[in-house]
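In: sharing a model that was predicted from the sequence below.
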Amino acid sequence: GAVVSQHPSRVICKSGTSVKIECRSLDFQATTMFWYRQFPKQSLMLMATSNEGSKATYEQGVEKDKFLINHASLTLSTLTVTSAHPEDSSFYICSASLPGTGPDTQYFGPGTRLTVL
Amino acid sequence: AQSVTQLGSHVSVSEGALVLLRCNYSSSVPPYLFWYVQYPNQGLQLLLKYTSAATLVKGINGFEAEFKKSETSFHLTKPSAHMSDAAEYFCAVSDTRSGGYQKVTFGTGTKLQVIP
């Protein structure tokens, strides 16, 4: 149980285009999902916390208009990188909290590698 | 503010040798602590977590970690390394923020190399 999927696993796009990444909890309902960004050889940096049915809470320094997050259902959150530029190239990972398992056990998706040309 | 410090960005051990990955935490309240493993181009997998119950926590794949409040440490160990243990390991701490949700802060990671 507690499987989180991400789609796509890899995406290459041209500068200026927008890219949508999906995060799904496959066998549980996640009221809270998290989006992280990981630069090469670095740790995960929390970008935003996504709560179903409400606006996402962004970390300091993360542009809300650049990284649009939608959590329309208890099993799906999406991250849209708008007007992507090469500096947005990174590994994006989502996670979801599993209710009833204690504090903050987050289950992570496999990640999406975004390359902006 | 909470934080974790992982000592050593790279650790090399021989196959069959003891694995010891170090993590020290800083938290103003009793912390919740985690160890995650990440294989190349994959997400993170939870190895184990400490939530104020037993101080010695056993996880998957033969790993365990001991919470030592006096040393503010949560080191990860495994008695005998296997080639499949080669990966990057992240220590993490969580706290509760206003609004009720919790934020997990990750360490910078330790890459474990297992030498045959």
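Out: Cool, got the structure.
In: in what helix or strand does the residue nearest to A:Leu44 when sequence neighbours are not counted lie?
Out: In space, not counting the residues next to it along the chain, A:Leu44 is nearest to A:Tyr36; the distance is 4.2 Å by Cβ to Cβ, 6 or more residues apart in numbering or on different chains. Quick note: C-beta positions are derived from backbone N, CA and C, even for glycine. With elements delineated by DSSP states H and E, A:Tyr36 resides in strand A:32-38, which encompasses its position.
In: now the residue nearest to A:Leu44: how far from B:Thr72?
Out: Relative to B:Thr72, A:Tyr36 is positioned 25 Å away (criterion: Cβ to Cβ, to the nearest Å).
In: which stretches of chain B form strands?
Out: Residue ranges of the strands in chain B, as given by DSSP state E, are B:3-7, B:10-14, B:19-26, B:32-38, B:44-50, B:56-58, B:64-68, B:73-78, B:87-96, B:102-106, B:110-115.
In: going by mean pLDDT, which of those strands comes out lowest?
Out: Mean pLDDT across these is lowest at strand B:102-106; the value there is a mean of 81.
In: which other helices and strands contact that strand?
Out: Of the remaining helices and strands, those touching strand B:102-106 by 3 or more Cβ pairs under 8 Å, 6 or more residues apart in numbering or on different chains; DSSP states H and E are strand A:44-51, strand B:3-7, strand B:32-38, strand B:87-96.
In: check whether the second one comes near chain A.
Out: The reference is to strand B:3-7. No: judged by Cβ under 8 Å from any Cβ of the partner chain, strand B:3-7 stays clear of chain A, getting no closer than 8.8 Å.
In: contact partners of that strand?
Out: Contacting residues not belonging to strand B:3-7 are listed as B:21-27, B:33, B:74, B:89-93, B:105-110 [Cβ atoms under 8 Å, 6 or more residues apart in numbering or on different chains].
In: ok, now which ones touch the residue nearest in space to the middle of chain A?
Out: The centre of chain A sits closest to A:Trp35, judged by Cα atoms, centre = their mean, with a distance of 3.4 Å. Taking Cβ under 8 Å, 6+ apart, we find A:Trp35 in contact with A:23, A:46-48, A:50, A:67, A:69, A:77, A:79, A:92-94.
In: these: which ones sit near chain B?
Out: Within the set of those, contact with chain B (Cβ under 8 Å from any Cβ) is found for A:46, A:93.
In: got a list of what the residue of chain A found nearest chain B touches?
Out: Nearest residue of chain A to chain B (Cβ to the nearest Cβ) works out as A:Phe108 at 3.7 Å. Applying Cβ under 8 Å, 6+ apart, one finds that A:Phe108 lies in contact with A:4, A:93-95, B:36, B:43-45.
In: kind regards, and thank you for your time.
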